[in-house]
Structures are given as C-alpha cells and as structure tokens.
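A.B. asks: Please find the sequence and the predicted model below.
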Amino acid sequence: MNIQTLPDMAIQNAPCHGALDWVGMGDIALPLILCGQPVQARVDIGVSLDDANTRGIHMSRLYLALGEELGNRPATLPALRQLLQRCLDSHEGLSRSASLVLRGELLLERTALVSALSGYKAYPFEIAVRLDPWGFHVELQAEVGYSSTCPCSAALSRQATQNAFAQHFAKRLASFEEVHEWLGSQAGMPATPHSQRSQAHLRVRLTGDELPLVELLDSAEAALGTALQTAVKRADEQAFAIANGHNLLFCEDAARRLDQALKALPWVEAHRLRVVHAESLHAHDAVACASWGWALGGQALMSGAP
Ligand SMILES: Nc1nc2c(ncn2[C@@H]2O[C@H](COP(=O)(O)OP(=O)(O)OP(=O)(O)O)[C@@H](O)[C@H]2O)c(=O)[nH]1
C-alpha cells in the first residue's frame, strides 16, 4: 500500500457534527531553550475545529511544526507566534485559533545571604499562547517558594519570653551580664514562632514581545523578602533567621505585596495570584488570592488540553 491508498479518516465527514473549541495533543516532550538555558519542556498544542462537518484535525502537522520551530531552539514570543501561524496555515478552512501551553522548570543560580556560596533553584513555569482572530495572547505562570513566619505566633512567642523573664528574675534588678547570659540560654527563648515553606503561584497576562520570566521571579522574590535559599552556612542561616524575624507574613500580607509588585511591572497587563502557606500549626494550608484586570481581558488562555 502506498501513500495514495492510505485511508485518511481526518478529512471524512464527521459522523457526529459540531465545532470544537480545542483539538490537539497533550504532554509532548520537547527540548528547547528558554532564557538562555536548555529546558526539558512538556507541550500541549492544538487548534480549534470550527468546521463542524470535518471529522478531525491533522495532528501530525502540529507535531512536526512544533519540533521544527521549537525543538532545541529559543522559545521566544516571535517563535511561538510563528509556530501558531503555521498551525493555522496548515488547517486553513478548519481552524480559526491555535494555542500552545509549554511547561517546564527554569533553574536559576542564587547566591547565599552572607557567604560567597551559591546553588540552583528550580522554578516551575508555564507559558500559554493563543493566536486567534482577535490577536496574539500571552500568559506566563510561575511558582516561587518562600519562607513565611506567622506574625501571631511571633507575638505569642515574645509574650512567652516576657513571662519567662518575669518569672526568672522575679522583679529584682539583674545585671547586664546576668540578663545577657539568660537571653543566650534556652530559657531565654521559651517559644519559637512557626515558619512555613510557602508557595506563590503567579499568572500574568503579558504585553510586548518579551518573555520576562526571570524578571517576574526576581520581582516576586524581592516583594516577598524571604525567598528559599540554596547553599547555606551558619552565617547564612542566621541572616535568614533575622530576615524572617523582620518579615513576619500572614498569607494576606504576602498576597498584597505580590499584588502591588505585579501591578508595578510595565509588561503586566493583568494578573491573578494565589499564595499557599503550608502551615506547621495546622494540618491545612492558609491561602490568599488576588487578581487585577483579569476579568476585563476575557477568558484565561487554555491551560492544557481540556
Ligand atoms: N484527528 C485525530 N488524529 C488522531 C487521533 N488519534 C490519533 N490520531 C492520528 O494522528 C495521525 C496523524 O494524522 P494526520 O496529521 O491527519 O496525518 P496524515 O493524514 O498522514 O498527514 P496529512 O497528510 O498532513 O494530513 C493519524 O494517523 C491519526 O490516526 C485523534 O483522536 N484525532
């Protein structure tokens, strides 16, 4: 059997008619370059099937275009747009919109707070793009890990220290040396506030031709103040403890800070965010969400195959 005699089910009349929002492939493995580094990405790519009578799209055309346009190449916005245009061109008369979601992890080198050490942190990200009759739409999603120390727990711990101090010194006049020594003992810190490893999930709708993922991550970490560390010596750990002591955070505080930080970025058209504090006090999480301009910009881009 040669290519001429192979049956092509895709071009047949559909046994059951109707337009479809999205048809494509999910979770395609693809090596590519992002922000100058190699990334092992997973990609969902598809088109709308607006011709209600045609049975199927041509998946191989999308798959091959993806590999040819992005495989081991820089995933820039012009490259993503060109790929989606190619998907539409290869489905002329069938599809009016094409979209792609690209997921991976970006590794960034982060230096220690005090020592000259550094290490790598993995930042999960997602890039979602869509080309339709209304234009080219881009959303960028990223996750940032940080430490949050409970303000309530800190206040209660301070009160516990006061009570222990009052009990130990029982209203007598103690010398500086005596108090200094007591503060350095375990009795001088009878309670410790609870801290938690926390996550910020950021989704921004972009304007412009750039994919400023590193800038987004840096802005979020700067706003949060106590980003997770990589290489740590004792001097770094003490600096981190002090930074946490000066950066007490309810989940509401973290969400508000990020909301302000994202609004200040000139290339962010809209955002929505969710912070999750994995409480060590509770077996459940403390969660806060914020958004800005999101509803006005229409539907969120499709996050993966429906
Ligand atoms: N449309 C569609 N194709 C599917 C599906 N599952 C698997 N495929 C396969 O995807 C393969 C590639 O499809 P096409 O792009 O139409 O392949 P082709 O007809 O050789 O390529 P063209 O000549 O460019 O149309 C086919 O062998 C289909 O069977 C599905 O659910 N829908």
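C.D. replies: Looks like it arrived, so ask away. Owing to the predicted nature of the structure, the values given are computational and were not obtained by experimental measurement.

A.B. asks: who's in contact with stretch 121-138?
C.D. replies: The contact list for stretch 121-138 (C-beta atoms under 8 Å, 6 or more residues apart in numbering) reads 48, 75, 77, 80-81, 84-85, 87-88, 96-108, 110, 139-145, 205-206, 211, 213, 217, 228, 230, 301-303. Where you see a C-beta, it was placed from the backbone N, CA and C, and this is true even at glycine.

A.B. asks: Of those, grab the buried ones for ChimeraX.
C.D. replies: Typed into ChimeraX, the next command selects the buried ones out of the contacts of stretch 121-138 (criterion: 16 or more other C-beta atoms under 10 Å):
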select :48,75,77,80,81,84,87,88,96,97,98,99,100,101,102,103,104,106,108,110,139,140,141,142,143,144,145,205,206,211,213,217,228,230,301,302
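
A.B. asks: What are the buried residues along the helix or strand containing residue 43?
C.D. replies: For residue 43, the element it lies in under DSSP states H and E is strand 37-49. Going by neighbour count (16+ other C-beta under 10 Å), the buried part of strand 37-49 is 39, 41, 43, 44, 45, 46, 47, 48, 49.

A.B. asks: Contacts only, for the second one.
C.D. replies: Listed by C-beta under 8 Å, 6+ apart, the contact set of residue 41 reads 29, 30, 31, 32, 34, 75, 102, 103, 104.

A.B. asks: now it: how far from the ligand?
C.D. replies: 21 Å (C-beta to the nearest ligand atom, to the nearest Å).

A.B. asks: State the mean pLDDT of stretch 150-169.
C.D. replies: Summarised as a single mean, pLDDT over stretch 150-169 is 94.

A.B. asks: quick thing: my sequence starts at 864, can you match it?
C.D. replies: Let's use 864 as the start, then, which means that last one is stretch 1013-1032.

A.B. asks: And the contacts of that stretch?
C.D. replies: 1041-1042, 1045, 1050-1059, 1108, 1111-1113, 1116, 1144.

A.B. asks: Narrow the residues you listed to those that are buried.
C.D. replies: 1056, 1057, 1058, 1059, 1111, 1112, 1113, 1116.

A.B. asks: This protein against the ligand: which residues are in contact?
C.D. replies: With the criterion set to C-beta under 6 Å from any ligand atom, the chain comes near the ligand through 871, 873, 919, 920, 921, 922, 923, 924.

A.B. asks: Count the residues that sit near the second one.
C.D. replies: Here the neighbour count serves as a burial measure; for residue 873 (other C-beta atoms under 10 Å) it reads 14.

A.B. asks: so who does it touch?
C.D. replies: Going by C-beta under 8 Å, 6+ apart, the list of residues near residue 873 reads 917, 918, 919, 920, 921.

A.B. asks: Just the buried residues of those.
C.D. replies: Here, 16+ other C-beta under 10 Å leaves 917, 918, 920, 921 buried among the contacts of residue 873.

A.B. asks: By proximity to the ligand, which residue of the chain wins?
C.D. replies: residue 919 (2.8 Å; C-beta to the nearest ligand atom).

A.B. asks: secondary structure element for that residue?
C.D. replies: Residue 919 belongs to no helix or strand, assigned by DSSP H and E.

A.B. asks: Name the nearest residue to it, ignoring sequence neighbours.
C.D. replies: Leaving aside its sequence neighbours, residue 919 sits nearest to residue 873 (C-beta to C-beta, 6 or more residues apart in numbering; 3.8 Å).

A.B. asks: Phi, psi for the one you found please.
C.D. replies: phi -60, psi -40 (degrees, to the nearest 10).

A.B. asks: per-residue confidence at it?
C.D. replies: 74.

A.B. asks: How much space separates it from residue 931?
C.D. replies: 20 Å (C-beta to C-beta, to the nearest Å).

A.B. asks: from the middle of its chain, how far away would stretch 1119-1137 be?
C.D. replies: Its chain's average C-alpha position is 13 Å from that of stretch 1119-1137, according to C-alpha atoms, centre = their mean, to the nearest Å.

A.B. asks: quick one: terminal-to-terminal distance for it?
C.D. replies: Taking C-alpha to C-alpha, to the nearest Å, stretch 1119-1137 runs 10 Å from one end to the other.

A.B. asks: list the buried ones in it?
C.D. replies: 1120-1122, 1124-1125, 1128, 1130-1137.

A.B. asks: what comes into contact with that stretch?
C.D. replies: Here stretch 1119-1137 has contacts from 1063-1071, 1073, 1075, 1078-1079, 1082-1083, 1085-1088, 1118, 1138, 1150-1157, 1159-1160, using C-beta under 8 Å, 6+ apart.
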